[in-house]
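> Prediction below, plus the sequence it came from.
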Amino acid sequence: MKEISFRNDVLPLKDKLFRLALRITLNREDAEDIVQETLIRVWRECQDGKDIDNVEAFSLTVCRNLSLDLNSKLEQRNVAFDEDIHDQPDTTRSPFETMVDHERFQMLNALMNSLPEKQRTAMQLRDVEGRSYREIAEVMQISESDVKVNIFRARKAMREKLQR
């Protein structure tokens, strides 16, 4: 059994957990609360002696489940994804290029937020977080083939909406 350090193993996951929670809940404050609750629950599990093979996958699973639980209790909100969690803008670009990039970001964000939860989560984990199909299946508690189907459908839906 590997010794899990909160500082070295759990705490560095907070940004990934936040992005996942934000993508599911579409609300910054809810996502922050979920990340805090996730970190507490993961640490409790570690302290209780639970054998956790992959602390990152376990943490993402807890975060996803808490986000889904909150969504089932609250009405889905249409709050835009905050840009301030992304890297600072490239100052070598012209204002026009910056504006075009901003509009593209807003459009893609709105399209992604309009997807069903499973597709949105799978796409977030695969295309934004760079997770493998196996890791996504573990986090979402579905088969790898279901992950691939959800990602395919999400990409197809976004492509169709972009072409309109």
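Arrived safely. Everything quoted here is computed from the prediction, not taken from an experiment.

> Show the contacting residues for the most centrally placed residue in the chain.
Taking Cα atoms, centre = their mean, the centroid of the chain lies closest to residue 20, which sits 1.8 Å from it. Each residue near residue 20 by Cβ atoms under 8 Å, 6 or more residues apart in numbering is listed here: 60, 63, 64, 67, 121, 124, 125, 129. Bear in mind the C-beta positions are built from the backbone N, C-alpha and C, glycine included.

> What helices and strands are in contact with the host helix or strand of the second one?
Pointing back at residue 63 there. If you go by DSSP states H and E, residue 63 is part of helix 55-73. Packing partners of helix 55-73 (3 or more Cβ pairs under 8 Å, 6 or more residues apart in numbering; DSSP states H and E): helix 14-25, helix 28-47, helix 117-123, helix 133-140.

> hang on, the earlier thing: would you mind putting the contacts of residue 20 into TSV with pLDDT, neighbour count and distance to residue 27 alongside?
Formatted as TSV, the contacts of residue 20 follow (pLDDT from 0 to 100; neighbours: other Cβ atoms under 10 Å; distance: Cβ to Cβ, whole Å):
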residue	pLDDT	neighbour count	distance to residue 27
60	93	27	19
63	94	28	14
64	93	24	15
67	91	26	10
121	91	24	15
124	88	21	15
125	90	26	19
129	84	16	19
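
> Make a markdown table out of those and add distance to residue 54.
Shown next, in a markdown table, are the contacts of residue 20 (distance: Cβ to Cβ, whole Å):
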| residue | distance to residue 54 |
| --- | --- |
| 60 | 9 |
| 63 | 14 |
| 64 | 14 |
| 67 | 19 |
| 121 | 18 |
| 124 | 18 |
| 125 | 14 |
| 129 | 14 |
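
> Quick check: the farthest pair among the residues you listed?
67 and 129 (14.3 Å; Cβ to Cβ).
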